[in-house]
Each structure stands twice: as structure tokens, then as C-alpha cells.
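1. Next input, structure requested:
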Amino acid sequence: FDLTGLCIMLSAEASEALRLVLTQKLLQNHSFGVVEGQYYMAPISGVWLFASAAVFELPRALSTNALAMPLANPWPFLLSMALGAGV
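-> Model (predicted):
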């Protein structure tokens with residue numbers, strides 16, 4: 001049992017619930033479609049994902065020189081990127 005992991009999980013669940021409620025409000029009350037809703041929600045979601053990755057993952061990636069791995073093997077990473085964009 002890890003209290004930090006539990007707190008992170010609970011905050012992730014709460015933020016997901018808030019995101020779903022706000023998305024539903026945006027789609028219903030302002031008569032937006034799914035594409036318009038994503039148009040407004042995707043940038044702020046990207047900002048929060050980037051910020052949390054910079055805080056929690058970037059220090060370890062810099063200390064272990066993990067950022068050099070995509071430069072050494074670009075084709076698997078490019079293929080993964082293309083497959084992710086296709087989904």
C-alpha cells in the first residue's frame with residue numbers, strides 16, 4: 001500500500017470526472033458537436049499532460065539520457081507515432 005499512489009489515483013479519477021462533466025456541459029448546453037468539443041478540449045488537455053510529464057518524468061529522462069534513444073533508433077519511434085496518429 002502506497003499513500004502517494006492512492007492520492008495520485010484519486011486525483012486522476014476526480015479530474016477525469018470533472019473533464020467528463022465539463023465536456024457534457026459543453027456539448028449539450030452550447031450545442032457543440034463532438035468535433036467542436038474536441039477542438040476546445042484538446043489544447044488544454046495537452047497542456048496539462050505536458051506539464052505533468054515535465055514535472056514527473058522529465059527529470060529522470062534527463063538523468064538517464066533517455067531522450068537520446070529516439071535519435072539513435074528513429075524508425076520504430078516514427079512508426080509508433082504514425083500508428084498512434086492513425087488511431
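2. pLDDT score for the residue nearest to the spatial centre of the chain?
-> Against the mean C-alpha coordinate of the chain, by Cα atoms, centre = their mean, the closest residue is residue 49 at 3.9 Å. In the predicted model, residue 49 carries a pLDDT score of 91.
3. That one: helix or strand, and which one exactly?
-> Secondary-structure assignment from DSSP states H and E places residue 49 in helix 34-56.
4. packing partners for that helix?
-> Counting by 3 or more Cβ pairs under 8 Å, 6 or more residues apart in numbering; DSSP states H and E, the packing neighbours recorded for helix 34-56 are helix 3-29. Any C-beta I mention is one placed from the backbone N, CA and C, and that applies to glycine too.
5. What residues of the helix it packs on count as buried?
-> Judged by neighbour count (16 or more other Cβ atoms under 10 Å), helix 3-29 contains these buried residues: residue 23.
6. what's the angle between it and helix 34-56?
-> Relative orientation of helix 3-29 with respect to helix 34-56: 160 degrees, computed using axes from the mean of the first three to the mean of the last three Cα atoms, to 10 degrees.
7. so for helix 3-29, what's the average pLDDT?
-> Here helix 3-29 scores 89 as its mean pLDDT.
8. That one packs against which elements?
-> Packed next to helix 3-29, using 3+ Cβ pairs under 8 Å, 6+ apart, are helix 34-56.
9. and for the helix it packs on, what are the contacting residues?
-> 19, 22, 23, 26, 27, 32 (Cβ atoms under 8 Å, 6 or more residues apart in numbering).
10. Just checking, which helix or strand succeeds it along the chain?
-> helix 58-63.
11. State the pLDDT value of the closest residue to residue 66 other than its chain neighbours.
-> Leaving aside its chain neighbours, residue 66 sits nearest to residue 60 (7.6 Å; criterion: Cβ to Cβ, 6 or more residues apart in numbering). Residue 60 is assigned a predicted lDDT (pLDDT) of 93.
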